[in-house]
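based on what follows, work out the 3D shape:
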Amino acid sequence: MKLDSTDHKLLKILQTDASLSNKEMSYQLGKSIAAIHERIKKLKANGFIKKTVAILDRKKVGIDLISFSQVFLKAHTAEVLGDFEREVIKFPEVMECYQMAGSYDFMLRIATKDMEAYHMFLRHKLAVLPQVNTVQTYFVLSEAKSETAYPL
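Take a look at the predicted model:
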C-alpha cells in the first residue's frame, strides 16, 4: 500500500488525538465520513496503525521513576540474544527494549513506582536472568520531551 497525502494527514491527526470521531476527521480533511472510515480500516489492515491506546499521565498512576538500563550479556549467540529478549519483554516494568550496536547489547526503558521498586526489579528480575552479565542504569531527573508521534 502506498500512502497518499490524505493518508499522511490522517495519520498525523490520529497520532495527535486518536479519540477524534470519523466525523471530526472528515471535516478536517474535507472527505466524507465513510471515506475516513475506509482509510482507517485500510491503514489498520496494512499494519500502518498497530493499535490505538490511551497515553496516561505516569505520575498520576504512581510511576515516579523512569530509568534507562544498558544491559551487557554473557554471550552473543542467536540463542542467548533470543532467550534474553523473550524473558525481558515479559516484565511489565520494561516499557521498551532495543538491541543495540556498540558497547552494550540492549537498552531498556524501565518504569517503576520509586527507587525501591526499581531495586526489587533489578535484584529479583533483571539481574537474575542467566544471560545477563552487567547492568548499568541511568535515572531520569527531568523530562523535557516525551513524544509518541513519528514525524511524517
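
show me the strands in the protein, by range?
Under the criterion DSSP state E, the chain contains strands at 65-73, 94-99, 106-112, 132-139.

tilt between the longest one and strand 132-139?
Our comparison of strand 65-73 with strand 132-139, counting by axes from the mean of the first three to the mean of the last three C-alpha atoms, to 10 degrees, yields an angle of 160 degrees.

what does the third one give?
Counting by the same axes, to 10 degrees, strand 106-112 lies at 50 degrees to strand 132-139.

now strand 106-112 against strand 94-99, angle please.
Here strand 106-112 runs at an angle of 180 degrees relative to strand 94-99 (the same axes, to 10 degrees).

what's strand 106-112 packed up against?
Contact partners of strand 106-112 among helices and strands, from 3 or more C-beta pairs under 8 Å, 6 or more residues apart in numbering; DSSP states H and E: strand 65-73, helix 78-88, strand 94-99, helix 115-121. C-beta coordinates here come from the backbone N, C-alpha and C atoms, glycine included.

what's the most buried one of these?
With neighbours taken as mean count of other C-beta atoms under 10 Å, those reach their highest mean count in strand 65-73, at a mean of 18.

who touches that strand?
58, 80-81, 84, 88, 100, 104-115, 117-118, 126, 131-140, 143 (C-beta atoms under 8 Å, 6 or more residues apart in numbering).

going through these, which ones are buried?
Neighbour counting over these (16 or more other C-beta atoms under 10 Å) leaves 81, 84, 88, 104-108, 110-112, 117-118, 126, 131-132, 135 as the buried ones.

okay, and the beta partners of the residue nearest the centre of the chain?
By C-alpha atoms, centre = their mean, the chain has its centre lying nearest to Glu96, at 5.3 Å. Following DSSP bridges, Glu96 is listed with bridge partners Arg109.

could you number the chain from 57 rather than 1 from now on?
Shifting the count to begin at 57 puts that one at Glu152.

mind listing what it touches?
163-165.

quickly list the domain ranges of the protein.
Using automatic domain parsing, the domain ranges for the chain come out as 61-101, 121-195.
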